[in-house]
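Visitor: How does the following fold in three dimensions:
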Amino acid sequence: MRIISVDFETEDVLRAESFYGSVLRLHTTRRGRSLTVRAGSSRLALHEGSIGPGRQHLAFTVPRLMFDSAKEWIADRVPLLRDAEGRDEFETSPHWNARSLYFLDPDGNILEFIIRRDIPDERIGPFRPEHVQCISEVGIAVEDVPRAAARVGSVFGIDAYGNGAPTFQPVGNVEGLLIFVTSGRHWFPTTTPSGARGLTVHVDSRATGALELSAGVTIRSNAAHR
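Guide: Numbers count the residues shown, from 1 in each chain. Purely as a prediction, here's the structure:
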């Protein structure tokens, strides 16, 4: 599964443009109160509005041999988030085979740089914004995690990824993951609660269609041709 695009709301589109364009140095295009951000093969679309309670989560995949240089690059631009023990980089479980770090956008959304060792990419050297491969994770807050994961599996043929829990279940694969969490569950490594308002995620999967998981939260899919 690949994530084609993610759409949600921003409190201030000009502030978002400054952050994603000038701080992260990703390619941006603004039209009125909407902003498009190109992140590798994925697109982030932000629309000015009321962001409401809770925050979103996105992970950006970077080349697996570039974690240290990506960390150095982003740490020069934004504060890195730390856990209760003061750590600012995190090794995942063996099944995920990944390493990540976290930071915030101006709306307080939790963003992540992640290397996935199971994705072949042997590029080395100083990190640059064009090394961002894609948006590879989208957090989606729902009232019933097992039901949401089951519906996405039934409609689109997207399988669960690893062992989940009643409040946390990823679906997809190393190329793209939908991270279902119970509304209000804190996003790691923060105490910031999750939320979803006006969220649309467009993916490729085994089937074409659209599924409204809750009011304002929609998954759309194109059938993948590979």
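
Visitor: And stretch 175-194, what's buried?
Guide: Residues of stretch 175-194 classed as buried: 175-183, 185, 187-190, 192-194 (neighbour count, 16 or more other Cβ atoms under 10 Å). In short, each C-beta sits where N, CA and C put it, glycine included.

Visitor: what ranges of this protein fall below the confidence cut-off?
Guide: When the per-residue scores of the chain are filtered using pLDDT under 70, the ranges that remain are 224-226.

Visitor: on that earlier part again, so which of the buried residues of stretch 175-194 belong to strands?
Guide: If you go by DSSP state E, the buried residues of stretch 175-194 have Gly176, Leu177, Leu178, Ile179, Phe180, Val181, Thr182 in strands.

Visitor: Can you classify Val155 by secondary structure?
Guide: Three states are possible here, and by DSSP: H, G, I helix; E, B strand; the rest coil the one that applies to Val155 is helix.

Visitor: Sorry, wrong one. I was asking about Arg87.
Guide: Reduced to three states with three-state DSSP, the structure at Arg87 is coil.

Visitor: and it, how far is that from Val181?
Guide: Taken as Cβ to Cβ, to the nearest Å, the spacing of Arg87 relative to Val181 amounts to 21 Å.

Visitor: what's near enough to touch the closest residue to Thr192 other than its chain neighbours?
Guide: In space, and not counting its chain neighbours, Thr192 is closest to Arg55: 5.2 Å by Cβ to Cβ, 6 or more residues apart in numbering. Arg55 is in contact with Asp107, Gly108, Asn109, Ile110, Trp187, Thr192, Pro193, Ser194, Gly195, counting by Cβ atoms under 8 Å, 6 or more residues apart in numbering.

Visitor: do Pro166 as well
Guide: When the contact criterion is Cβ under 8 Å, 6+ apart, the partners of Pro166 are Val145, Pro146, Thr182.

Visitor: what does the helix or strand in which the second one is found rub up against?
Guide: Assigning secondary structure by DSSP states H and E places Pro146 in helix 145-156. Contacts of helix 145-156 from elsewhere in the structure, counted by Cβ under 8 Å, 6+ apart, are 140, 142, 158-160, 164-169, 171, 178, 180-182, 203, 205-207, 209, 211, 213, 219, 221.

Visitor: Where strands are concerned, which of these count?
Guide: Filtering these for strands - DSSP E - leaves 140, 142, 168-169, 171, 178, 180-182, 203, 205, 209, 211, 213, 219, 221.

Visitor: Quickly note the distance from the closest residue to Ala98 other than its chain neighbours to Glu112.
Guide: Closest residue in space to Ala98, ignoring its immediate chain neighbours: Thr92 at 4.4 Å, by Cβ to Cβ, 6+ apart. When distances are taken as Cβ to Cβ, Thr92 and Glu112 turn out to be 11 Å apart.
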